[in-house]
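Asks: coords please:
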Amino acid sequence: MTSTRLELHERRLQAVQAWTSFVESGDQAEPLVRPEILRSWQVSRAAIKPDVTEAPMADEDDTAAFWRESPLQTAVARVEAELRRTAEDGDLVLAVTDAQTRILWTYGGRVMRRKAETVNFVAGGRWDEASVGTNALAIAARQGTPSMVFSAEHYASIVHNWVCWAAPVHDPRTGDQLGVIDLSTTWDRTHPIGLATARVLARLIETAMPLTSAGAVPD
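Replies: Residues are numbered from 1 along each chain as shown. Next up, the predicted model:
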């Protein structure tokens, strides 16, 4: 086991200890976690229990109809080959959401795709904090800044084996935040480049965005 591996295991242990302290004793976890994680845990605790088993699902037809009309769909289609290659090369699952953190599109490597399906990390899954607790998608959407959530920093124990990196995606014309892109894998595959990769993919989608509000490119 390399020193990096040992450091990751220590980091996971610290995250589990902080999460356990918060679940059992509330805000006594304050010195143990990053402020944005503690804040998200507090938001999550007010809405759900940490033993939630899966994300709730939005209406399938409504999700599909929203995706068809969204400029995000056009942009993702234009860069989909690169997004898929990123997922396959890193055995990641990628997700693009709307502004309310409802997943609209996903693509995953073989291993992570199966893991994602078991917790409804799929199109239609609701990954806001009130639905499934602390995660990188929800924090990035709420704060409007890139976010990383590692292992037991997730509020729901079902994703304690994950690490997630997410970055907001904006409409380049209006500056409106349309959603986020997220990259997820298992915690032991954590890499320093993860957050930078999320940022790069967010910019890639933004540059592929249609320039008309109707979501179509003019002839």
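Asks: Pull out the buried positions in the helix or strand hosting residue 203.
Replies: Following DSSP states H and E, one finds residue 203 within helix 194-207. Buried positions in helix 194-207, judged by neighbour count with 16 or more other CB atoms under 10 Å: 194-195, 197-199, 201-202, 204-206. Every residue, glycine included, has its C-beta placed from N, CA and C.
Asks: same check, this time on stretch 122-136
Replies: Buried, per 16+ other CB under 10 Å, within stretch 122-136: 122-129, 131-136.
Asks: May I have that stretch as CSV, with CA atoms only?
Replies: C-alpha atoms of stretch 122-136 as CSV (Å, rounded to 0.1, in the frame of the first residue of the first chain):
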residue,chain,number,x,y,z
VAL,A,122,-29.8,7.9,-13.1
ALA,A,123,-31.9,10.2,-15.3
GLY,A,124,-34.8,11.5,-13.1
GLY,A,125,-33.0,11.0,-9.8
ARG,A,126,-33.3,13.9,-7.5
TRP,A,127,-30.0,14.7,-5.9
ASP,A,128,-30.7,17.9,-4.0
GLU,A,129,-29.9,17.9,-0.3
ALA,A,130,-33.5,17.7,0.8
SER,A,131,-33.9,14.5,-1.2
VAL,A,132,-30.7,12.6,-0.6
GLY,A,133,-28.5,14.7,1.6
THR,A,134,-25.0,16.1,1.1
ASN,A,135,-23.3,15.5,-2.2
ALA,A,136,-21.2,17.4,-4.6
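Asks: what are the ranges of the strands in the protein?
Replies: Using DSSP state E, the strands of the chain run over 93-97, 103-108, 147-150, 162-170, 177-186.
Asks: For residue 37, find the nearest of those.
Replies: Among those, the nearest to residue 37 by CB to CB is strand 147-150 (7.1 Å).
Asks: any idea of the mean pLDDT for that closest one?
Replies: Mean pLDDT, computed over strand 147-150, is 98.
Asks: ok, now stretch 102-118?
Replies: The average pLDDT for stretch 102-118 rounds to 94.
Asks: repeat for stretch 210-219
Replies: Mean pLDDT, stretch 210-219: 51.
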